[in-house]
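S.K.: Mind looking at a prediction? Sequence and model below.
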Amino acid sequence: MSALTASTAGGARARAGGPAVRRGPTFPRVVASEWTKLTSLRSTTVIAAATVVVSWALTYLAANASSVDPGFVPLDSLTAGLLLAQVGPLVLGILAGTGEFTTGTFRSTFTAVPRRLPVLAAQVVVVGAWGLLVAAAAVGAAVVALVPAASSRGISLDLTGAGTPQVLAGMATFLVAMALLGLAVGALLRSPVPAVAVTVVLVLVLPVVLSLGSELATDPMSAPTDGSVSSQQSAVNTVVTVLPGGAAEVLVRGPGSSGIEGAPDLGPWGGALVLACWVLVPLAVAAVRLRARDVV
């Protein structure tokens, strides 16, 4: 039976009071399909394992290097692995957002789901869920990495006080946000190489370039004598704070820690809101492009 005949027959059954033909699969089935696609890739497991190992290794090295200090506090090294651990979730999200466009399987996917947007929404759910699992494992690995250094000094780890739960939650939130940011940029650009370049520059390179450029351009003789920062440095620090890395720093900062001098103190909720904007804006543009333009 041809598609046109089937459509006509379905319409006749609907007019006769019979069961209406459902157009496309249900959203739970789309989510299940995207989950299968993501978890069946070997690279997904490799990236997840690498993220956990990097989180453990860098935290372990930082804690052991600091353990010789008289005022050693093991939990101060808890976030040491985030700088590189964030790369794994970013790449994972990019692969999820660009995979079908790279292989050409988007044609069959959008034939099965012609409305297209449920596919993107399902990818958000799947990447967010997988990112949360990876983030929980990476944060747990960071905690475990502190144990040897703490034990060597006879210090017990208290994960319930001094704002530590906020730091742990902030670490997990940041890693999940990086996975979703990678997905958003990947879905927008549809090619892994440009997506990786954009996210790496945005998250890792741009904050360093801005900070170094501001320091090189600032005349030490014209610095304020009251200990404050110049207006130029304040502007740069503000930009760095609202970048994804700056927002993450706010999330994982303890209650007694101070922010970047001259920049607004966003607070944990402000940092989470900034990260959400970095994810939602490119994701919304990707959705509009996916809905309004041909995917070929």
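M.R.: Received the coordinates, thanks.

S.K.: show me where the stretch 51-200 of the chain has helices.
M.R.: 82-85, 87-103, 106-112, 117-152, 164-189, 192-200 (DSSP state H, counting those that start in this stretch).

S.K.: Report the backbone C-alpha coordinates of the third one in PDB.
M.R.: So that's helix 106-112. C-alpha atoms of helix 106-112 as PDB (Å, rounded to 0.1, in the frame of the first residue of the first chain):
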ATOM      1  CA  PHE A 106      19.100  12.900   9.800                       C
ATOM      2  CA  ARG A 107      17.100  12.200   6.700                       C
ATOM      3  CA  SER A 108      15.700   9.000   8.000                       C
ATOM      4  CA  THR A 109      15.200  10.600  11.500                       C
ATOM      5  CA  PHE A 110      13.200  13.500  10.200                       C
ATOM      6  CA  THR A 111      11.200  11.300   7.900                       C
ATOM      7  CA  ALA A 112      10.100   9.400  11.000                       C
END
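
S.K.: Buried residues, it. List them.
M.R.: By 16 or more other Cβ atoms under 10 Å, the buried positions in helix 106-112 come out as 106, 109-110. For the C-beta atoms, the positions are set from N, CA and C on the backbone; glycine is no exception.

S.K.: what is the rounded mean pLDDT of it?
M.R.: Helix 106-112 comes out with an average pLDDT of 75.

S.K.: now that helix, how far from the chain's geometric center?
M.R.: For helix 106-112, the gap between its own C-alpha mean and the chain's C-alpha mean amounts to 27 Å (Cα atoms, centre = their mean, to the nearest Å).

S.K.: can you check the last one too?
M.R.: In terms of Cα atoms, centre = their mean, the centre of helix 192-200 is found 14 Å from the chain centre.

S.K.: okay, the buried residues of helix 106-112 in TSV with distance to Gly71 next?
M.R.: Conversion of the buried residues of helix 106-112 to TSV gives the following (distance: Cβ to Cβ, whole Å):
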residue	distance to Gly71
Phe106	55
Thr109	56
Phe110	59
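
S.K.: tell me which of these is nearest to Val201?
M.R.: Using Cβ to Cβ, Phe106 comes nearest to Val201 of the buried residues of helix 106-112, at 26.2 Å.

S.K.: list the contacts for the residue nearest to that closest one when sequence neighbours are not counted?
M.R.: In space, not counting the residues next to it along the chain, Phe106 is nearest to Glu100; the distance is 4.1 Å by Cβ to Cβ, 6 or more residues apart in numbering. Counting by Cβ atoms under 8 Å, 6 or more residues apart in numbering, Glu100 touches 37, 106, 109.

S.K.: ok, Glu100 to Ala121 distance?
M.R.: Noted for Glu100: a distance of 15 Å to Ala121, by Cβ to Cβ, to the nearest Å.

S.K.: swap in Val252?
M.R.: If you go by Cβ to Cβ, the gap between Val252 and Ala121 works out to 29 Å.

S.K.: These two: who's more crowded?
M.R.: Val252 (21 against 16; other Cβ atoms under 10 Å).

S.K.: so who does that one touch?
M.R.: Going by Cβ under 8 Å, 6+ apart, Val252 touches 79, 82, 167, 170-171, 174.

S.K.: same check, this time on Gly93
M.R.: 127, 131, 178-186.

S.K.: So, low pLDDT: which residues of the stretch 151-296 of the chain?
M.R.: The stretch 151-296 of the chain contains residues with pLDDT under 70 at 213-230, 254-263, 293-296.

S.K.: just the strands in it please.
M.R.: Remark: no strands are assigned in the stretch 151-296 of the chain by DSSP state E, counting those that start in this stretch.

S.K.: need the contact list for Val250.
M.R.: Listed by Cβ under 8 Å, 6+ apart, the contact set of Val250 reads 241, 259, 265-268, 270-271, 274.

S.K.: no, scratch that, I was asking about Gly97
M.R.: Gly97 touches 123, 182-188, 190, 195, 286, counting by Cβ under 8 Å, 6+ apart.

S.K.: just the buried members of these?
M.R.: The neighbour count (16+ other Cβ under 10 Å) marks 123, 182-188, 190, 195, 286 as buried among these.

S.K.: Could you report the separation of the residue nearest to the spatial centre of the chain from Val87?
M.R.: With distances taken as Cα atoms, centre = their mean, the residue of the chain nearest its centroid is Met178 (1.1 Å). Distance of Met178 to Val87, computed by Cβ to Cβ: 8 Å.

S.K.: what's the answer for Val113, then?
M.R.: For Val113 relative to Val87 (Cβ to Cβ), the value is 31 Å.

S.K.: And Ala122, by the same measure?
M.R.: For Ala122 relative to Val87 (Cβ to Cβ), the value is 25 Å.

S.K.: cool, and Thr160?
M.R.: Counting by Cβ to Cβ, the gap from Thr160 to Val87 is 30 Å.
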